[in-house]
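Asks: Sequence and predicted model, in that order:
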Amino acid sequence: MKNLFKSVLFLSLILLFTACSTKNPPLQTVSKVDLNKYLGTWYEIARYEHFFEKDCKNVSANYSIMDEETIKVINKCTKITTNEKKEVMGRAYTLDESNSKLKVSFFRPFYGDYWVLMLGENYEYAVVGTPSREYLWILAREKVISQKVKNSILEKLPSLGFDTSKLIWTIQE
């Protein structure tokens, strides 16, 4: 009887946790990223808020080759309230030959997802997010994007499971 009770309790807990979890559909990335075209400086146009960029303006990221398997990432920002400049270096590696799914770390040994979801034909903009839909960035080669590109991105994001009302538009000076 004790074993039956434990089994029922165990199954009930599993059902409770799976019923309460919200599972997102699989997240589609772009089919291919040419890393040589992706390298260089990107300016943050918008993001979902998170602690490591809180109160930041003039956010940029620079990607360069570190070695055969590693991409060097340098993120910079200026604190809005103090004008203090911050910089952090990280590293990334691709997960497959598409180069659209990467793992990035600024605090090794912990790596996070960095998936390229949208990419301009000439690599003039990129939308990067995570399969959990917790993080999202809109990046561009220039500090501003056209209203046409912005509207196009904002139209597509809900179909990928991202809430556009959560976007924080980055101040770029």
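Replies: Cool, the structure landed.

Asks: And the helices in this structure, which stretches?
Replies: 2-20, 35-38, 147-156 (DSSP state H).

Asks: Buried residues, the last one. List them.
Replies: Along helix 147-156, the positions that meet the burial threshold by neighbour count (16 or more other C-beta atoms under 10 Å) are Val149, Lys150, Ile153. All C-beta spots, glycine's among them, are computed from the backbone N, C-alpha and C.

Asks: Give the other helices and strands that it contacts.
Replies: strand 125-129 (3 or more C-beta pairs under 8 Å, 6 or more residues apart in numbering; DSSP states H and E).

Asks: neighbouring contacts of the strand it packs on?
Replies: 27, 38, 42, 45, 114-120, 135-141, 145, 149, 153, 157, 160, 162 (C-beta atoms under 8 Å, 6 or more residues apart in numbering).

Asks: again, but for stretch 159-173
Replies: So stretch 159-173 is contacted by 24-25, 27-28, 43-49, 56-59, 80, 117, 129, 133, 136, 138, 143-144, 154, 157-158 (C-beta under 8 Å, 6+ apart).

Asks: Could I get the CA-only coordinates of the longest strand along the chain as PDB?
Replies: Longest strand in the chain by number of residues (criterion: DSSP state E): strand 56-67. Extracted C-alpha coordinates of strand 56-67, given in PDB (Å, rounded to 0.1, in the frame of the first residue of the first chain):
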ATOM      1  CA  CYS A  56      22.700  50.900 -20.300                       C
ATOM      2  CA  LYS A  57      22.800  53.100 -23.400                       C
ATOM      3  CA  ASN A  58      25.200  53.100 -26.400                       C
ATOM      4  CA  VAL A  59      25.200  49.300 -26.200                       C
ATOM      5  CA  SER A  60      27.400  47.500 -28.800                       C
ATOM      6  CA  ALA A  61      28.900  44.100 -29.500                       C
ATOM      7  CA  ASN A  62      32.000  43.300 -31.500                       C
ATOM      8  CA  TYR A  63      32.600  39.800 -32.800                       C
ATOM      9  CA  SER A  64      36.000  38.600 -34.000                       C
ATOM     10  CA  ILE A  65      37.800  35.300 -34.500                       C
ATOM     11  CA  MET A  66      39.700  34.100 -31.400                       C
ATOM     12  CA  ASP A  67      40.800  30.700 -32.900                       C
END
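
Asks: who does it pair up with?
Replies: Partners of strand 56-67 in the sheet, by DSSP bridges, are strand 40-48 (antiparallel), strand 70-79 (antiparallel).

Asks: what inclination does the shortest one have with respect to strand 125-129?
Replies: Translated: strand 40-48. 50 degrees (axes from the mean of the first three to the mean of the last three C-alpha atoms, to 10 degrees).
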